[in-house]
Each structure stands twice: as structure tokens, then as C-alpha cells.
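> fold the following and give me the result.
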Amino acid sequence: MRLFHICLFLTLVLSLPCTAFPDDGTPHDRDVLTAKEIQRAGLTRLGDILLLADKWNICTIDGFSWQASPNGLSSFRGQTWVVMVDGQRMNPNLYDSNNLNLLPIVLDEVDSVEIVSSPRIHHGEFTERGLIHIYTRKPAPGVSFRGSVMGGNETGDPGPYRYTEYSSPNVDFIGPDATLTMGYGSRNWYVQGNVATQVHFFRDPAMVARNSRILKAPDSRALFDRSVSTTRYETLSFLGRLGFDDVWPGMRRVASSFKAGITTSRGKHEPFVGYSFARRYFLFFKPFGREIPVDHRLAHIGQSGTVLLGGDAALTYRLTYSDNQLDKYPNALDVDFDWRIKLFSANIESDFKLKAHRSTAGIEFKRFSLDTSYPLADDAFDILKAYGSLSHSPFESVRQTYGVLAASTDDGTAVKTFASNNWNMNKRNVLTTHLSFSQRLFEEDNSIWFWTARGYDLLNDQGVVYSIAGEFDKSEQFTVDITWKSHLTSDIQIETGPLYRRFEDTYVEQQSFQFDPQECSFDSPVQILPVKEGQLFGANLSIQHHLSPRLFHQLRYGYRHAFSGDEVFKGIWHSIPKHKATYRFAYAPDRNFRIWGALSYTSSSKWEEYRNIDGQSCALAGEAVTYSSTVKSSTILDLQIQKWFWKRKLRGDFLCRNAWNEEFRYHPIGATFDLSFYFQLKILVDSR
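Reported below is the predicted structural model:
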């Protein structure tokens, strides 16, 4: 508690200087991606949004499931950042995975994305681990229709035809994906629904052996035997491209959602229902050191709205229920996660506005429950939260914002607070200071270790050796973000500043993987270790320049370095590249034609838990891959050409990723992302 009092004192004292928001009231601790930015950036799936989160470091093993380190708030080992859609919290989290691609919405629906990269209160959530909030577009007046198809090829990987008489190494298919969205809009109400299908293959040479061998199919090994008839190969190749066979490690996913809205003189109300089913989704489960095929189901139902109380007062409510389930898919290890996590949430929040003040206050109730056949000491737990924030302007150019939230369970209470300080120095320059102190209860992570302590015995059933050193206690985090933002001219904008993070009493999973040459997989005992203290320093830089109405370019840079802490803490942060830089440009010589490009540099990273796999290799049907605990630095060029047709009702996108075909990985045992080509065709029709 000593650190708590010190940090709280500093937070209150440092918040006294004159501060100000820009005239639009937009906080400086977030970034907003507009539909236009998303459209021109060559995104093909919802999870690709993270490619544009420049303050976040990201990594992936398979190109479908992404991990993120949100602006130094957590490492790749803490995937507890919050996901929201239209004000409703979603629950795509699976153990230590938070996959946007499993949400029951489609990329074409996205109107904007809010990326919160420092701790604050956002719709009842304290964002000490970051937040992604997706806002979907409302249908235009009358009938509207949107459809899209996407497919691509990756060079360099074998693909299914490698084992036919053609022996072609150049046809590893990406997709196909297809979406359809239909809606009707009126002056006071709207309805909209969508359906989507996706196919994804987990068969890069770095993972195809372990993923194929775990599939419980009698000929999963024989698939790679060239003595099998050409007819057999051609049949498997055709089915494999579509993801419909039982041998190739591919996933098929279908999703659908429905939303509606009505606006009256007393407020607005919006229900949302969504469902996603992924057949044979390869979930990377770190305690096993490999992917496990599962059938995944995610269902969500929610209702949110605002009731106007008169004047400048309003009440906002949110009711949500989500059901996140892993079903068994036949596999050689006979793994059955037997996991069905349910989340019910009810929130009510008041909002009062005066001439120079704004205050919010709210309460929220959450219940997490786990359905499993394992006998649990308790199959549910509750979190009750109360929070409030105050924003005021004592002077014309001054605005101060404070917030505090208390989260309570049967085992304790955590206090979270922030202060945001912004000073409009003049018409062109704004200086922002954002501080926070937060405690986090062990229950809030909803981790496998929490449920293991309650009797979820999957790890013991599967022979995973693990140990827990000490007792789990609430962790503490103190953050400082300072940002200077300047409009040097009407066309040039610069934003830069340092950040500082201090972590205390956290826990981490420590492993030292060994290579299994028979399965081309990895295994290791698991140690849960306490980390008493660790400190991180970083900085961000953004420069944007509109050379003309038709030409725009920007430069983004981020730096992260763990400068204090024990070897465990520093080792974890070694997996986060110290340097990350991206240069983007967009050129539109014509309203119906656009060229977009991105040149990205990522420095090398060292994954200490994989240090024993250096030099190990896996060979399959003449294809070999060598593993290393060091992920090399990379410079990647992406290019996209976009053309509109039919009075801007039809659009074609041709995207080239890794145009230089540089050897590029995010993860030591993950896929190599070679030169890839994507083609998207979108149709957009409304009654206007």
C-alpha cells in the first residue's frame, strides 16, 4: 500500500497544472481509425486492425490469431485487453488469446475503431491493459447492401499441389472469405444483419507437421507420402483449398449478427445479437507448446441505450451476455478442453454536463461462470464495480479530468485511478500529461490458473508439469504518458512524447521449451513466478503531412525498453521489439483510383523461453524449417491498388504484402510470411 499512497499523491499533485483538451473534447490518450483509413490500408480481415495500431506491438504464429502488447501496458503474455463493439463488451478471450477474427461482425461493417492506449475509464471499463472499441456503421436511409469476397496466394510455401504430379511450390491459398451485409435505415430506426464465411489454413512449413500429425485421421501421415496416387493428392488438394477435408490443417468459420436501433425524443436503444462458429480452429495452447484443433463457438446478446433525463443529464445502460465455448475436435492427443465460459454484465451510468463541467458515475455487475465436467470448488465469481469521473474547465484553455474505479470480489477490492492533464499552450501546440495508478485482482484476468486453482484439472489430465511459487495477490501498476502535439502548419502535424510503466506484484508463466523431433512440436514444464518489480521506458512519434488533397503520408515510430527488474521480467520484454517504425502513403490521382503503401521496420527480438530450440529443424516431404529463439529484424513493403467501378458501387482491391519477399516472422515457431497476393471485390449498393 506504500506505493499506492505515493502514486495517488503524485497523481493528484501533478494534475494541478493548467490543462486542456482540444476544442472537440477528444482525449489525447487514444487513436481513432476511420472507415476511410481502414479502407485504404489493405485490410482483409477484422484482426488486421491491429496492423494499424501503431502504439501496440503485435505478433502472430499463424496469421489468424494475433497477440498484442498495448503501448507497454502488458507483454505478449497478458492478452487481457478489452474488446468492445458499439459500447458492449465482447468476450473473444480464450486462455491467453484475444482474437478479433472470432467476433461475429465483418470488416465492411466497421465505421471507426477507437484504440485506447493508456489507462482511463471507458464505458465502465478501466483500460489498464488497453482497449479496442469497434463502432459499426448504421445503414443509409432505405435499403442498403454490401458484399465482399477475398482470396489470395502466398509464395514460398508448399501448398497442396506440392505433392501432385505438378509439384508446384507456389499455390498456398489464402481464404476464400465472403461477407454479405443487408440493412434498412429510416429517420428514427434501422435494422441490419450480416453473414460471413472464412477459411484459413495452418500449414506453413513451420507448423504443418505438428498440425497435420495431431489431426486424428488415419492417413494424416500418409498424406505426405509421395507414393500415394496422384488422384488421391488431387482430391485432397481440391478439398484442402476449400478447407473441407479431414487431413489438411484448415479452419472453416461461419458467423452472423443482427443489430437494430431506435431513436426517440427520450433517447435511443440498440440491441445486438451475434454468433460465430469455427470448425477445426487450431488454438495455440502455450502449456502444451502447440496448436490443438477445436470447434469454437462464440455467442453474444446485448442491449444498450441512453435515456435523456432533461437538460444535460442522461442515463446510459448496458446489458450483455456472452457464451464462449471450446468443443472437442478429434485429435491424436485426445485433448478435450471441456471449457465453456459465460459472462453476464449489467451496467448503468449517469452523465451530467454543465457549462464548464462534466461528470459521470456508474455501477456495474459482472458474473463469470465456467461450465465443465471437472468438479470445481466454485463455478462462478462476481465482480462489482463503482466508478466516477470529473472533467472541468476552470479557465478558457484549461480542462482537468480525474477518474476513480473500485472493483470488488469476495476476495478483495482493487482501486484504479487516473488523471489526465492537457495544456493548450497556444493555437498550435498542446502538452498532455496522463498518469494512472491501478490495482488488479487475480480474478479479473479470468485465467486458466485461476480456474485450475478452483479444480479445472485439464493440465494434470494431460500430464503437464506445473508449479506455482507463492500466493496470487493483486498486482499494481503506475503509468505516465507525456505527449506534445503540434500543428506546425495546416498540413503538417507532429505528436511525440515519452512513456513510463512500473509493475509490482505481477505473476508470469515461465517455460523453457524443448523440441520434439517426432512431432515437430515443443514442450516444457510451467512455472508460475511472482515478479516483485519491473520498470519500462518508451516513446512514441507520429508525423503526418498532407502534401496535397490527393497525397498523404505519415511516419510512426515506437520505442520500448525494460530497464529495471529481475531477469524474468526483462526476459519477457525481450520478446517485444525495441524499435518499430512505419511509413505510409496514400495517393489518389482520381476519385475512383487510389494507391496505398506501407514500409515497416521491426527490430529483432529474443524469446528466452525458446532458447533451447536454436538450430533445431523439422523436415516434411522435402520441406525443412529451422527454428531460432531470435526473431530477426525485418523491413517489409506492402502495396495496394484500389479501383472503383459502376458509379462507385463496385470496388476492386489488389494487395501485395511483403513485396520484397523478405524472410519475415513474428514468432520463433510461427509462420514465415512470404510474398503474398490478395484480391478483394466489394459491392456497395444503397437506395440513395
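> how many residues are close by residue 625?
Counted with other C-beta atoms under 10 Å, the neighbours of residue 625 add up to 19. From N, CA and C alone the C-beta is placed, and that goes for glycine too.
> same question, residue 66
By other C-beta under 10 Å, 25 other residues sit near residue 66.
> residue contacts, it?
47, 50, 58, 59, 60, 99, 100, 101 (C-beta atoms under 8 Å, 6 or more residues apart in numbering).
> the fourth one belongs to a strand?
Yes - counting by DSSP: H, G, I helix; E, B strand; the rest coil, one finds residue 59 located in a strand.
> name the nearest residue to it, ignoring sequence neighbours.
Residue nearest to residue 59 in three dimensions, not counting chain neighbours: residue 666, with 3.9 Å by C-beta to C-beta, 6 or more residues apart in numbering.
> burial measure for the one you found, as a count.
Residue 666 - counted by other C-beta under 10 Å - has 23 other residues nearby.
> for residue 145, see how far away it is.
According to C-beta to C-beta, to the nearest Å, residue 666 stands 36 Å off from residue 145.
> could you list the low-confidence segments of the chain?
1-29, 155-172, 216-247, 621-622, 687-688 (pLDDT under 70).
> do a quick rundown of the helices in it.
2-14, 35-40, 208-214, 230-242, 448-453, 458-461, 567-573 (DSSP state H).
> for the last one, buried residues please.
Same thing as helix 567-573. Within helix 567-573, the residues that qualify as buried are 568, 569, 570, 571, 572, 573, counting by 16 or more other C-beta atoms under 10 Å.
> would JSON lines of the residues you listed with distance to residue 306 be doable?
Compiled in JSON lines, the buried residues of helix 567-573 are given as follows (distance: C-beta to C-beta, whole Å):
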{"residue": "568", "distance to residue 306": "46"}
{"residue": "569", "distance to residue 306": "43"}
{"residue": "570", "distance to residue 306": "46"}
{"residue": "571", "distance to residue 306": "47"}
{"residue": "572", "distance to residue 306": "41"}
{"residue": "573", "distance to residue 306": "41"}
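> nearest to residue 89 among the residues you listed?
Taking C-beta to C-beta as the measure, residue 89 sits nearest to residue 572 out of the buried residues of helix 567-573, at 26.9 Å.
> so how far is residue 501 from that closest one?
On the measure of C-beta to C-beta, residue 572 and residue 501 end up 13 Å apart.
> so the residue nearest to residue 59 is in contact with residue 58, correct?
Yes - between residue 666 and residue 58 there is a contact at 7.3 Å, judged by C-beta atoms under 8 Å.
> ok, now how distant is residue 33 from residue 107?
12 Å.
> kindly apply the preceding question to residue 395 instead.
According to C-beta to C-beta, residue 395 stands 43 Å off from residue 107.
> and these two? which has more neighbours close in?
residue 107 (24 against 11).
> doesn't residue 43 make contact with the more buried one?
Yes - applying C-beta under 8 Å, one finds residue 107 in contact with residue 43, separated by 6.2 Å.
> could you report the neighbour count for residue 442?
With neighbours defined by other C-beta under 10 Å, the count for residue 442 comes to 20.
> tell me the contacts of it?
By C-beta under 8 Å, 6+ apart, the residues touching residue 442 are 411, 450, 472, 473, 474, 507.
> so which of these belong to strands?
Cross-referencing those against strands under DSSP state E gives residue 507.
> of the contacts of residue 442, just the buried ones, PyMOL syntax please.
Those of these that count as buried under 16+ other C-beta under 10 Å are selected in PyMOL with:
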select buried, resi 450+472+474+507
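> show me which of the contacts of residue 442 is closest to residue 292.
Nearest to residue 292 among these is residue 450, at 20.3 Å by C-beta to C-beta.
> please report how far the closest one lies from residue 405.
21 Å.
> one more: residue 358?
To residue 405, residue 358 is 17 Å away according to C-beta to C-beta.
> out of those two, which sits in the busier spot?
Ranked by neighbour count (other C-beta under 10 Å), residue 358 and residue 405 place residue 405 first, with 24 against 18.
> who's the more buried one bridged to?
residue 387, residue 416 (DSSP bridges).
> hang on, isn't it packed against residue 416?
Yes - counting by C-beta under 8 Å, residue 405 touches residue 416, with 4.6 Å between them.
> overlap of the contact sets of those two?
Contact criterion C-beta under 8 Å, 6+ apart; residues shared by residue 405 and residue 416: residue 126.
> show me the contacts for the residue lying closest to residue 327 once chain neighbours are set aside.
Leaving aside its sequence neighbours, residue 327 sits nearest to residue 295 (C-beta to C-beta, 6+ apart; 4.0 Å). Contacts here follow C-beta under 8 Å, 6+ apart; on that basis residue 295 touches 277, 278, 279, 280, 281, 326, 327, 328, 329.
> for residue 208, see how far away residue 295 is.
Distance, residue 295 to residue 208, by C-beta to C-beta: 21 Å.
> same question for residue 614.
Look at residue 614 and residue 208: by C-beta to C-beta, they are 21 Å apart.
> more neighbours, these two?
Taking neighbours as other C-beta under 10 Å, residue 614 and residue 208 compare with residue 208 leading, 25 against 13.
> show me what contacts the more buried one?
Residue 208 is in contact with 158, 202, 249, 620, 623, counting by C-beta under 8 Å, 6+ apart.
> want to try JSON lines for these, with distance to residue 681 and neighbour count as columns?
Shown next, in JSON lines, are the contacts of residue 208 (distance: C-beta to C-beta, whole Å; neighbours: other C-beta atoms under 10 Å):
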{"residue": "158", "distance to residue 681": "27", "neighbour count": "22"}
{"residue": "202", "distance to residue 681": "26", "neighbour count": "25"}
{"residue": "249", "distance to residue 681": "27", "neighbour count": "26"}
{"residue": "620", "distance to residue 681": "35", "neighbour count": "18"}
{"residue": "623", "distance to residue 681": "32", "neighbour count": "16"}
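> among these, which ones are in strands?
Checked against DSSP E, the contacts of residue 208 include these in strands: 620, 623.
> closest to residue 659 among the contacts of residue 208?
If you rank the contacts of residue 208 by distance to residue 659 using C-beta to C-beta, residue 158 comes first, at 21.5 Å.
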